[in-house]
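Enquirer: dropping the sequence and predicted coords here.
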Amino acid sequence: MNEELLKVSFTELLPQEERIEVQRKKQKLQIGVPKETFMQEKRIGLSPEGVHLLTSNGHEVVIESGAGLGARYTDKDYSDAGAQIAYSTKEVFEKQIILKIEPPSDEELEMMKMGQTLISALQVKTRSQAYFKSLMSKKATAIAVENITDDEGMLPIMRCMSEIAGSASVQLGAELLTGENGKGYLFGGITGVPQTEVVIIGAGTVGTYAAKSAIALGANVKVFDTSLSRLKRMQQYLKSPVYTCVLQPKLLEKALRRCDVAIGAIRSTSGRTPCVVTEEMVQKMKAKSVVIDISIDHGGCFETSEITSLSNPTFEKYNVIHYCVPNIASRFARTASFALSNIFAPLLLTISDEGGIEETLRYHPEIRTGLYMHKGVLASPALGEWFDLPYSHPDLFFGNIH
């Protein structure tokens with residue numbers, strides 16, 4: 001027994017082979033940014049500052065002419081930052097990596113080349129089987145940006161857009177209160193004048209940022225949510241006295257009858273957003289009060305909500321003003337584009353530093369969470385079962401590396 005131990009100890013003392021990590025060679029990227037064609041989409045994935053960061057690192061960025069106009073960025077802004085301006089969509093879709101906000105349309109899918117990488121939103125509830133089959137036929141690698149996580153396991157795209165939506169809802173409420181059809185109220189607290197009453201339904205990121213903005217303007221805020229832990233977390237973040245309550249219909253109805261602005265900020269993890277405000281509750285609200293239903297993206301949490309557009313954003317029902325525009329962040333396109341660029345530009349640099357998309361997906365599980373197609377093979381069991389398509393698990397392509 002002692003001899004065996006001596007042999008093991010002696011072996012451990014022998015000189016070992018030196019293990020040196022092989023540094024991956026950086027890859028020069030060709031990035032195409034087409035103009036968004038979806039009706040209300042004004043955002044763009046890279047700001048001129050983001051383009052300059054990429055071009056100064058030796059990468060080629062091609063921006064379609066007019067792609068940044070919705071965010072008030074001109075072609076000259078991008079050209080000065082080092083981008084090439086393309087005057088045809090087809091030219092943009094010839095690049096190695098396609099960066100978009102919305103998923104590509106059928107026409108854009110036709111323009112894609114074999115083996116490209118698509119980085120865009122997926123918006124799975126609006127996709128069809130034909131969409132995935134088109135990507136399969138192009139042998140594409142596709143990443144859904146809304147599913148990419150960060151080092152803390154959070155969803156940075158969803159979070160920054162939710163922050164914008166929450167802050168924007170209060171600004172919109174203030175505009176509608178003082179508009180032609182509004183009450184003529186100044187949002188906030190003035191000496192000798194009662195405070196504006198705001199009800200927020202949902203204590204997630206949207207609700208928290210809505211509450212933060214409303215409190216800063218001097219409003220009296222009441223927040224309702226189904227989760228006590230979310231309410232506690234919001235109170236700790238705000239560090240200001242705020243009325244919170246677990247969602248109970250009678251208490252919610254009482255608060256809505258007194259409020260000037262009601263903000264729907266509930267987000268469903270699956271399926272339609274629960275409709276927690278009934279038509280009867282809305283009927284009992286004060287005349288010319290305002291409803292901002294941010295949950296309209298997933299069906300809305302007010303029974304009286306109907307989808308509106310940026311060009312015609314409001315309607316009145318029971319003498320209550322309703323604002324039900326999906327994708328509110330697009331109304332504040334400059335801010336949203338800058339926030340998105342802060343995520344996309346470093347992501348693209350990571351792809352370059354790792355030597356390409358293949359190695360990036362192999363060694364960065366936080367980026368791999370957004371992968372739903374790899375070289376034409378569907379890499380999501382959930383999507384495969386939903387759309388009745390063959391699929392493989394992403395770990396089978398890269399191994400379960402941590």
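Expert: Looks like it came in fine.

Enquirer: quick one, phi psi at P156?
Expert: phi -60, psi -40 (degrees, to the nearest 10).

Enquirer: ok, now I85?
Expert: phi -100, psi 120.

Enquirer: quick check: beta-bridge partners of it?
Expert: Beta bridges link I85 to I63, judged by DSSP bridges.

Enquirer: got the contact list for it?
Expert: Residues near I85 by C-beta atoms under 8 Å, 6 or more residues apart in numbering: 62-65, 75, 78-79. All C-beta atoms are positioned from the backbone trio N, CA, C, and that covers glycine.

Enquirer: rerun that using 7 Å as the cut-off
Expert: Taking C-beta atoms under 7 Å, 6 or more residues apart in numbering, we find I85 in contact with 63, 65, 75, 78-79.

Enquirer: closest to I215 out of those residues?
Expert: Y78 (38.3 Å; C-beta to C-beta).

Enquirer: how about low-confidence regions in the stretch 201-350 of the chain?
Expert: Applying pLDDT under 70 to the stretch 201-350 of the chain flags residues 269-271.

Enquirer: mind running it again at 80?
Expert: Residues of the stretch 201-350 of the chain that meet the criterion pLDDT under 80 lie in 267-272.

Enquirer: can you map out the helices along it?
Expert: Counting by DSSP state H, counting those that start in this stretch, the stretch 201-350 of the chain has helices at residues 205-216, 228-238, 249-258, 279-283, 333-353.

Enquirer: got a list of what the most centrally placed residue in the chain touches?
Expert: Per C-alpha atoms, centre = their mean, the C-alpha nearest to the average position across the chain is that of M158, at 3.1 Å. Taking C-beta under 7 Å, 6+ apart as the criterion, M158 is in contact with E146.

Enquirer: ok, now how distant is it from P346?
Expert: Look at M158 and P346: by C-beta to C-beta, to the nearest Å, they are 17 Å apart.

Enquirer: can I get the helices of the stretch 201-350 of the chain in JSON lines with distance to E152 and mean neighbour count?
Expert: Converted to JSON lines, the helices of the stretch 201-350 of the chain look like this (distance: least, C-beta to C-beta, whole Å; neighbours: other C-beta atoms under 10 Å):
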{"stretch": "helix 205-216", "distance to E152": "14", "mean neighbour count": "24"}
{"stretch": "helix 228-238", "distance to E152": "15", "mean neighbour count": "15"}
{"stretch": "helix 249-258", "distance to E152": "32", "mean neighbour count": "15"}
{"stretch": "helix 279-283", "distance to E152": "37", "mean neighbour count": "15"}
{"stretch": "helix 333-353", "distance to E152": "14", "mean neighbour count": "20"}
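
Enquirer: looking at these, which is closest to E102?
Expert: Nearest to E102, of all the helices of the stretch 201-350 of the chain, is helix 333-353, at 12.2 Å by C-beta to C-beta.

Enquirer: residues making contact with that closest one?
Expert: Here helix 333-353 makes contact (C-beta under 7 Å, 6+ apart) with 26-27, 29, 31, 42-47, 49-50, 53-54, 57, 59, 70-72, 99, 156-157, 160-161, 164, 329-330, 357, 360, 364.

Enquirer: are any of those buried, and which?
Expert: For the contacts of helix 333-353, a burial check counting by 16 or more other C-beta atoms under 10 Å picks out 26-27, 29, 31, 42-47, 50, 53-54, 59, 70-71, 99, 156-157, 160-161, 164, 329-330, 357, 360, 364.

Enquirer: ok, residues contacting stretch 372-387?
Expert: The contact list for stretch 372-387, computed with C-beta under 7 Å, 6+ apart, reads 122, 124, 129, 132, 135-136, 138-142, 144, 371, 389-394, 397.

Enquirer: identify each buried residue in it, please.
Expert: For stretch 372-387, burial by neighbour count (16+ other C-beta under 10 Å) applies to 372-375, 377-380, 383-384, 387.

Enquirer: what ranges do the strands span in the stretch 51-200 of the chain?
Expert: 60-64, 84-86, 97-99, 117-120, 141-144, 197-201 (DSSP state E, counting those that start in this stretch).

Enquirer: what sits against A168?
Expert: 328, 331-332.

Enquirer: buried subset of the residues you listed as a ChimeraX selection?
Expert: This is the ChimeraX syntax for the buried subset of those, where burial follows 16+ other C-beta under 10 Å:
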select :328,331,332
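
Enquirer: and which of the contacts of A168 is nearest to V223?
Expert: Checking the contacts of A168 against V223 by C-beta to C-beta gives I328 as the nearest, at 18.9 Å.

Enquirer: looks like the closest one contacts A165 (just checking).
Expert: Yes. In this structure I328 lies within contact range of A165 using C-beta atoms under 7 Å: 4.7 Å.

Enquirer: shared neighbours, these two?
Expert: Counting by C-beta under 7 Å, 6+ apart, the residues touching both I328 and A165 are I294.

Enquirer: picking up where we left off before, pick the most deeply packed of the strands of the stretch 51-200 of the chain.
Expert: strand 197-201 (a mean of 27; mean count of other C-beta atoms under 10 Å).

Enquirer: got the angle for it vs helix 249-258?
Expert: 140 degrees (axes from the mean of the first three to the mean of the last three C-alpha atoms, to 10 degrees).

Enquirer: can I assume Q123 is in contact with P103?
Expert: Yes. In this structure, Q123 is within contact of P103 by C-beta under 7 Å, at 5.8 Å.

Enquirer: which of the two has more residues huddled nearby?
Expert: P103 (20 against 13; other C-beta atoms under 10 Å).

Enquirer: how much space separates that one from I357?
Expert: Applying C-beta to C-beta to P103 and I357 gives a distance of 18 Å.

Enquirer: circling back: closest one to S169 among the helices of the stretch 201-350 of the chain?
Expert: helix 205-216 (5.0 Å).

Enquirer: other SSEs contacting the closest one?
Expert: If contacts are counted by 3 or more C-beta pairs under 7 Å, 6 or more residues apart in numbering; DSSP states H and E, helix 205-216 sits against helix 156-178, strand 197-201, strand 220-225, helix 228-238.

Enquirer: quick one: strands adjacent to the shortest one?
Expert: Within its sheet, strand 197-201 is paired with strand 220-225 (parallel), strand 261-264 (parallel), according to DSSP bridges.
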